[in-house]
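J.: Give me a 3D structure for the following:
(one chain, ligands or ions: 2)
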Amino acid sequence: MNNNTWYAVGAAVSLAPGMVKQFKVAGRELAVYRTKADDTNESRLVAFSNRCPHRGTSMSLGKVTGKCLRCPMHGWLFQSDGQCVSVPSEQDDRAFGKRFHIPHYPAMESYGLIWIFVGSDLELLRRGVPAISELTQPGWRARYWPSIWQANQTRAIEILLDFSHVAYVHPMFGQPSEPLIPEYKIERNVEEWLPSWRAAVPFRPPRNLLQRLLRSDVSVSGQLTHYFPNFTRLDVSLGSQGNAHRLIIFEAYTPLSQEETKIHRIVLRNFFPMSAFDFITRLIVKEVIEQDRRLVVTQKPTVAPFQDPTQEKHARADALQLNYRKQMKRSFKDGTLLDLQGDSPLPYLRHQPSV
Ligand code: FES
Ligand SMILES: [Fe+2]
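T.: Numbering: from 1, shown residues only. Ligands and ions are numbered 1, 2, ... in the order given. I've put the predicted structure just below:
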């Protein structure tokens, strides 16, 4: 797992001020809460380890008290930097609490999602998450449709970096009689503060419902952008150039465990902005995602074998995936994406966590 990156955990609206919830990230259980608004009407997000240092109770069952979170079992009170500020059973409860901390993690809100950083490399923390400029542009409608796959994040990410499956898996966008993927160029560092790669290919879909809806029978082009390690963006243009309907599927992958990945998906479109069309867009996206999911969960080994390229065979069309594997291998070798302080044993890592 790449701990030194931002992980989305859920929709920001699902956590009102004064609420606390449990989330799982990279094998860790977290208690995430939003402080109650103060005089300046500000409330902020705080992420703690979900385990109370006293007796290991779930802090997510606790109570938000101003800027602090109180454990439900014996009432120990922790402020937002993790410092314990009260042990109610003790006479000098404040002074007594000073010697205890609960691990806490950087948290932020962006694009309507809550993001947590569970790593330790502040340089990588500062990179933030990829920009989605369309979210603030007029004419775009955005929807958040997450899903959970019983698959390792490496496999979930790779299917998005895969052009050649489209002809066989997605009859809406491709067809087996048109399987050829032209040689494509990979553009590097499309976003300067995040390592990123981009490539585009055209597809020739059959004349189908989508094209009829859009009154277009010209080609579909797909552009994939990969922001290393765990963000992808698919831009689909449907229709004639200059007059294209555009669909963007931005995905942020959060490993819940080795075998389970939550895909936080923001779908944007610049056509049919009325809410009634959300339903149809969602049906289409859901179907396309399901066509991928049912195959990805069967892949073996469950973790894409990025350490040893000879374990699988490769085609020219796999260049974007191979680039991902190369970056993964490199970052595991130099340790940049790994938080060695991690607390979950991860069998495939070259470095085992130290605790
Ligand atoms: S278990 Fe949390 S205060 Fe005792
Ligand atoms: Fe797919």
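J.: Residue 21 versus residue 253, what's the distance?
T.: Residue 253 is 20 Å from residue 21, where distance means CB to CB, to the nearest Å. Where you see a C-beta, it was placed from the backbone N, CA and C, and this is true even at glycine.
J.: So which of the two has more stuff around it?
T.: Taking other CB atoms under 10 Å, residue 253 and residue 21 do not tie; residue 253 has more neighbours (23 against 15).
J.: distance of the more buried one from ligand 1?
T.: Distance, residue 253 to ligand 1, using CB to the nearest ligand atom, to the nearest Å: 32 Å.
J.: gap between that residue and residue 153?
T.: Counting by CB to CB, the gap from residue 253 to residue 153 is 5 Å.
J.: who touches both of these two?
T.: Counting by CB atoms under 8 Å, 6 or more residues apart in numbering, the contacts common to residue 253 and residue 153 are 230, 261.
J.: Next secondary structure element downstream of the longest helix that the chain contains?
T.: The longest helix of the chain (DSSP state H) is helix 276-296. Downstream of helix 276-296, the next assigned helix or strand under DSSP states H and E is helix 319-334.
J.: Give me the buried positions along that next one.
T.: Judged by neighbour count using 16 or more other CB atoms under 10 Å, the buried positions of helix 319-334 are 319-325, 327-329, 331-332.
J.: Grab the two from those residues that are most spread out in space.
T.: The largest separation in the buried residues of helix 319-334, counting by CB to CB, is between 319 and 332 at 20.5 Å.
J.: end-to-end on stretch 117-132?
T.: Using CA to CA, to the nearest Å, the end-to-end distance of stretch 117-132 comes out at 19 Å.
J.: same question, stretch 140-157
T.: End-to-end distance of stretch 140-157: 25 Å, with CA to CA as the criterion.
J.: what's the answer for stretch 236-256, then?
T.: Stretch 236-256 has an end-to-end distance of 28 Å (CA to CA).
J.: Just the mean pLDDT for that stretch, thanks.
T.: For stretch 236-256, mean pLDDT rounds to 85.
J.: buried stuff in it?
T.: Under the neighbour-count criterion of 16+ other CB under 10 Å, stretch 236-256 has 236-239, 244-256 buried.
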